[in-house]
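Participant: got a structure for you, letters missing:
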């Protein structure tokens, strides 16, 4: 606790995910007063063909 | 805003997803008075082996 | 199946939610070829103080 | 109803998932007084490179 | 890990939730070979006016 | 995009949430190369009586 989910388009490298987990954990820990060892981060990769905005599938955009 | 997630069994075509995003965005926009450009749709594809009903895995059903 | 979640700012009336469920169920049913009796819709109400965009809490915006 | 989501690291066999769905459905059904035919279980498989704890990506741990 | 979410209509007592957490944790732990101290259960209470089936809001059903 | 959800025990102040949104948005933006105006943060408050760990409801812990 806290549990953080980051949903984003696929294609990020493992280096980017490593940095994301490190920086987001620090940001959560310092602002809501939770020890970093309790912060869990889930990353969810989305395909463009599974995302729609303004009525349009993003694989068409 | 609003953010809509549609979770369904995998196997739909990109044409079906395109129509889904278009029609769901229109339905949400007109009923809750939100401009279509603010409506986001996430599609999540499930495998039958990751879905259970009545205690049974659907890949067995 | 499908399972649809609509997350939006609180304050919609029960009439708006009734229309939302009716229209979204029809939109999903006709586009992905699922019988309407299998479509489930979950509505999630968000407070403005629980939503952030561009680094700003929306209760301040 | 109820709708149960189990998020876990990938790598479980279909036999484990079959047992999970059977036992979790029974546990939910008996404790909250819901008929088993109304219990739906979604399984979500996570990659280690999409999970962070204590600021560290679990594919590095 | 695993992380379990149980979404159900509101109105369950704390005793029912206590039993739910105990039994679901045991069911998950024994079937996917995870120590019970790693199993986290989130309960989400839904209002009937936030649930739709077959195009109908359940507060009307 | 990205969409970030932070689930945590209730009781944080609006000041803590304001800081959380600001710092998490910056952390996500700089690590995955997304403009801050595209980062959305959802906060979900949990009751202790809706959270279980190691088979125990946290309102009892």
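Facilitator: Ah, there it is. Computed from a predicted structure; not experimentally measured. Residues are numbered from 1 along each chain as shown, chains lettered A, B, ... in the order given.
Participant: Which residue does chain A have closest to chain B?
Facilitator: residue A:52 (3.2 Å; CB to the nearest CB). Every C-beta, even on glycine, is put in place using the N, C-alpha and C of the backbone.
Participant: Tell me if I am right that that residue is in a helix.
Facilitator: No. Residue A:52 is assigned strand when assessed by DSSP: H, G, I helix; E, B strand; the rest coil, not a helix.
Participant: Could you pull up the contacting residues of it?
Facilitator: Going by CB atoms under 8 Å, 6 or more residues apart in numbering or on different chains, residue A:52 touches A:58, B:17, B:20, B:21, B:22, B:24, B:25, B:39, B:40, B:41, B:42, B:43.
Participant: if I read this right, the fifth one contacts residue A:60, doesn't it?
Facilitator: No. Look at residue B:22 against residue A:60 with CB atoms under 8 Å: they stay out of range, at 10.5 Å.
Participant: Show me which of these two is the more surrounded one.
Facilitator: A direct count of neighbours by other CB atoms under 10 Å in any protein chain shown for residue B:22 and residue A:60 places residue B:22 higher, at 19 against 11.
Participant: Quick check: which element contains the more buried one?
Facilitator: helix B:14-32 (DSSP states H and E).
Participant: Let me see the confidence value for the residue lying closest to residue A:54 once chain neighbours are set aside.
Facilitator: Leaving aside its sequence neighbours, residue A:54 sits nearest to residue B:37 (CB to CB, 6 or more residues apart in numbering or on different chains; 4.4 Å). pLDDT, residue B:37: 97.
Participant: Quick check: residue B:37 vs residue A:5, distance?
Facilitator: 24 Å (CB to CB, to the nearest Å).
Participant: ok, now residue A:61?
Facilitator: 24 Å.
Participant: more crowded one of these two?
Facilitator: residue A:5 (18 against 10).
Participant: just to revisit the earlier point, most neighbours, which of the contacts of residue A:52?
Facilitator: residue B:21 (30 neighbours).
Participant: Tell me which residues touch that one, please.
Facilitator: A:52, A:55, A:56, A:57, B:41, B:43.
Participant: Could you do residue A:53 as well?
Facilitator: Contact partners of residue A:53, counting by CB under 8 Å, 6+ apart, are A:61, B:37, B:39, B:40, B:41.
Participant: Show me what from chain A comes close to chain D.
Facilitator: A:14, A:17-18, A:20-22, A:24-26, A:36-37, A:39-45 (CB under 8 Å from any CB of the partner chain).
Participant: can you rerun that using 10 Å?
Facilitator: Residues of chain A lying near chain D by CB under 10 Å from any CB of the partner chain: A:3-6, A:13-15, A:17-26, A:28-29, A:35-45.
Participant: related to what we said a few turns ago, tell me which of the contacts of residue A:53 fall in strands.
Facilitator: B:40, B:41 (DSSP state E).
Participant: Show me which pair in the contacts of residue A:53 is furthest apart.
Facilitator: Greatest spatial distance in the contacts of residue A:53: A:61 and B:39, 14.3 Å, computed using CB to CB.
Participant: Name the nearest residue to residue A:23, sequence neighbours excluded.
Facilitator: residue F:27 is the one closest to residue A:23 (CB to CB, 6+ apart), at 3.8 Å.
Participant: give the contact list for the nearest residue to residue A:38 once chain neighbours are set aside.
Facilitator: Nearest non-adjacent residue to residue A:38, counting by CB to CB, 6+ apart: residue A:1, 5.4 Å away. Applying CB atoms under 10 Å, 6 or more residues apart in numbering or on different chains, we find residue A:1 in contact with A:32, A:34-35, A:38-40, E:40, F:7-9, F:46, F:51, F:53, F:58.
Participant: if we go to 7 Å?
Facilitator: A:34, A:38, F:8, F:9 (CB atoms under 7 Å, 6 or more residues apart in numbering or on different chains).
Participant: give the contact list for the spatially closest residue to the first one that is not a sequence neighbour.
Facilitator: By the measure of CB to CB, 6+ apart, the closest residue to residue A:34 outside its immediate chain neighbours is residue A:2, 5.8 Å from it. Taking CB under 7 Å, 6+ apart, we find residue A:2 in contact with A:28, A:32, A:34, A:39, F:6, F:7, F:8.
Participant: mind checking the backbone torsions on the closest residue to residue A:11 other than its chain neighbours?
Facilitator: Sequence neighbours aside, residue A:45 is the residue nearest to residue A:11 in space, at 7.9 Å (criterion: CB to CB, 6+ apart). Main-chain torsions, residue A:45, degrees, to the nearest 10: phi -90, psi 130.
Participant: Grab the nearest non-local neighbour of whichever residue of chain A sits closest to chain E.
Facilitator: For chain A, the nearest residue to chain E under the criterion CB to the nearest CB is residue A:3, separated by 7.2 Å. Nearest non-adjacent residue to residue A:3, counting by CB to CB, 6+ apart: residue F:7, 4.5 Å away.
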